[in-house]
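Engineer: turn this into a structure:
(one chain, ligands or ions: 1)
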Amino acid sequence: MANVKVAVRVRPLTPRESLDGGRLAVQVEDKYIRVRNVKLDGRSDGAVDSREKLLEFGFDYCYWSVDAEDAQYASQEEPHGAERALNPQWKPDEEKLDFNPFLPIHMLPYIPLCSLPHPVFQDLGLSVLAGASEGYNVCLFAYGQTGSGKTYTMMGSQESIGLTPRICEGLFRSVDSFPDGQNSSRVEISFLEIYNERVRDLLRLGEQKKRASLRVREHPEKGPYVQDLSQHVVTDYKQALDLLEEGVANRITAATHNHDASSRSHAIFTIQYTQAILENNLPSEIVSKIHLVDLAGSERADPHYCRDRLTEGSNINKSLVTLGIVISALGKN
Ligand SMILES: Nc1ncnc2c1ncn2[C@@H]1O[C@H](COP(=O)(O)OP(=O)(O)OP(=O)(O)O)[C@@H](O)[C@H]1O
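Structural biologist: Alright, predicted model coming up:
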């Protein structure tokens, strides 16, 4: 499991949580998160309750995204990325960037983001790009309770761009960097969701309406795949972003107690990145797949929910438990 890394991100209280009198119970220090049991506040240590007051957990990365004024604030903001997303014609000032277009993507300069120490993309996004450029398949997924900030981190918004669009942007930085006519990479995108254990193509919803669910099959060499899932060749960042936005708009969301726009499905955005190379003067290809996954949030079943919400919730929890079992099995080899 050495090549599996786990990051945790602490978000600010939402307006609803603040109104309900919510308090932050988490602190971040370097690679450790401390969770305070606020129910024990005001009680003398151990005298009344044997539960631990403070629990500490270690991770590969810990991000504190609570207060932008804080010195350790971890942002996904990056002026350069934001400008490009809002204006696809925008080009970086190459002189200012010391931009060498022939560097492998993971070595391309990423401008320090507003002098913030831990921008999420610089750690996680760049390692995805580095893995893909070396020909590895890479998977990055956001896991957590409903409303914990998965979609914000993976997708973000126009004002605060998330990991998925930034990774697409990073890929095209390298694709764009070849002189005209010598572009030796191909980028193909597919986007699906798993809703109530059914697989839906988020980029071909109209044609798919008659069909119940796409089938997951196993290829003897390539492994598991989704039959008839649409693949879209994109040649620039704007096209990739358009597909991402189209898929996100087609995703199923609903209001829950904790979150007004809760994702009710697991969404998998897959980029197939093919690089043409010359090996011993023979042309060959390196193909890598990048899976960027925004999982639905785990949640407590509430008997006051309507039947649809309860069915969704139980399917979401069941699949997250299964994912947990798979990951611990991988951990044990
Ligand atoms: N790092 C952050 N900084 C500021 N706001 C955040 C951050 N993370 C999440 N939020 C806000 O918290 C709310 C919930 O976030 P988000 O929609 O990403 O949760 P989620 O985990 O995807 O939820 P669900 O599983 O229900 O879909 C949103 O209003 C979002 O804008």
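Engineer: contacts, neighbours, all on C-alpha from now
Structural biologist: Will do.
Engineer: name the residue closest to the centre of the chain, please.
Structural biologist: In the chain, the C-alpha nearest the mean C-alpha coordinate belongs to residue 154, at 3.2 Å (C-alpha atoms, centre = their mean).
Engineer: that residue and residue 160 touch, don't they?
Structural biologist: No: checked against C-alpha atoms under 8 Å, the pair residue 154 and residue 160 is beyond contact range at 10.8 Å.
Engineer: which residues of the protein fall in helices?
Structural biologist: Secondary structure of the chain (DSSP state H): helices at 15-19, 79-86, 94-97, 120, 126-133, 150-154, 163-176, 205-208, 237-250, 307-331.
Engineer: in terms of mean pLDDT, which of those ranks lowest?
Structural biologist: Note on the helices of the chain: lowest mean pLDDT is at helix 94-97, with a mean of 36.
Engineer: flag every residue of the stretch 201-333 of the chain that's near the ligand.
Structural biologist: Neighbours of the ligand within the stretch 201-333 of the chain, by C-alpha under 6 Å from any ligand atom: 259, 262-263, 296-297.
Engineer: buried subset of the residues you listed as a ChimeraX selection?
Structural biologist: The ChimeraX command for the buried members of those (criterion: 16 or more other C-alpha atoms under 10 Å) is given here:
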select :262,263,296,297
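Engineer: which of the residues of the stretch 201-333 of the chain next to the ligand fall in strands?
Structural biologist: Judged by DSSP state E, these include 262-263 as members of strands.
Engineer: in a markdown table, list the residues of the stretch 201-333 of the chain next to the ligand along with pLDDT.
Structural biologist: Shown next, in a markdown table, are these (pLDDT from 0 to 100):
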| residue | pLDDT |
| --- | --- |
| 259 | 69 |
| 262 | 79 |
| 263 | 83 |
| 296 | 90 |
| 297 | 85 |
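Engineer: farthest-apart pair in the residues of the stretch 201-333 of the chain next to the ligand, please.
Structural biologist: Greatest spacing in these, by C-alpha to C-alpha: 259 and 296 (11.9 Å).
Engineer: quickly list what's touching both of those two.
Structural biologist: Residues touching both residue 259 and residue 296 (C-alpha atoms under 8 Å, 6 or more residues apart in numbering): residue 146.
Engineer: ok, now which ones touch the residue nearest to the centre of the chain?
Structural biologist: Taking C-alpha under 8 Å, 6+ apart as the test, what residue 154 contacts is 142, 162-164, 292-294.
Engineer: of those residues, buried ones?
Structural biologist: Neighbour counting by 16+ other C-alpha under 10 Å classes 142, 162-164, 292-294 among the contacts of residue 154 as buried.
Engineer: and residue 188, how many neighbours?
Structural biologist: Residues within reach of residue 188, counting by other C-alpha atoms under 10 Å, total 17.
Engineer: using CSV, write out every CA atom in stretch 121-132.
Structural biologist: Extracted C-alpha coordinates of stretch 121-132, given in CSV (Å, rounded to 0.1, in the frame of the first residue of the first chain):
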residue,chain,number,x,y,z
PHE,A,121,-3.6,20.8,-6.1
GLN,A,122,0.2,21.1,-5.6
ASP,A,123,0.3,18.0,-3.5
LEU,A,124,-2.4,15.8,-4.8
GLY,A,125,-3.1,17.0,-8.3
LEU,A,126,0.6,17.1,-9.3
SER,A,127,1.2,13.6,-8.1
VAL,A,128,-1.7,12.4,-10.2
LEU,A,129,-0.2,14.1,-13.2
ALA,A,130,3.3,12.7,-12.4
GLY,A,131,1.9,9.2,-12.2
ALA,A,132,0.0,9.4,-15.4
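Engineer: hey, what's residue 283 bridged with?
Structural biologist: Counting by DSSP bridges, residue 283 is bridged to residue 278.
Engineer: okay, now it: neighbour count?
Structural biologist: 9.
Engineer: was I right to think it contacts residue 184?
Structural biologist: No: assessed by C-alpha under 8 Å, residue 283 is found out of contact with residue 184, at 10.9 Å.
Engineer: name the residues contacting each of these two.
Structural biologist: 276-277.
Engineer: neighbouring contacts of stretch 277-286?
Structural biologist: Here stretch 277-286 has contacts from 135, 184, 274-276, using C-alpha under 8 Å, 6+ apart.
Engineer: return the subset of the buried ones among the contacts of residue 154 lying in strands.
Structural biologist: Residues of the buried ones among the contacts of residue 154 located in strands (DSSP E): 142, 292-294.
Engineer: can you redo the helices of the chain as TSV with distance to residue 35?
Structural biologist: Below are the helices of the chain laid out as TSV (distance: least, C-alpha to C-alpha, whole Å):
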stretch	distance to residue 35
helix 15-19	17
helix 79-86	33
helix 94-97	40
helix 120	21
helix 126-133	28
helix 150-154	19
helix 163-176	26
helix 205-208	42
helix 237-250	33
helix 307-331	22
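Engineer: to residue 38, which of these lies closest?
Structural biologist: Among those, the nearest to residue 38 by C-alpha to C-alpha is helix 15-19 (14.9 Å).
Engineer: other SSEs contacting the closest one?
Structural biologist: Packing contacts for helix 15-19, counted by 3 or more C-alpha pairs under 8 Å, 6 or more residues apart in numbering; DSSP states H and E, involve no helix or strand.
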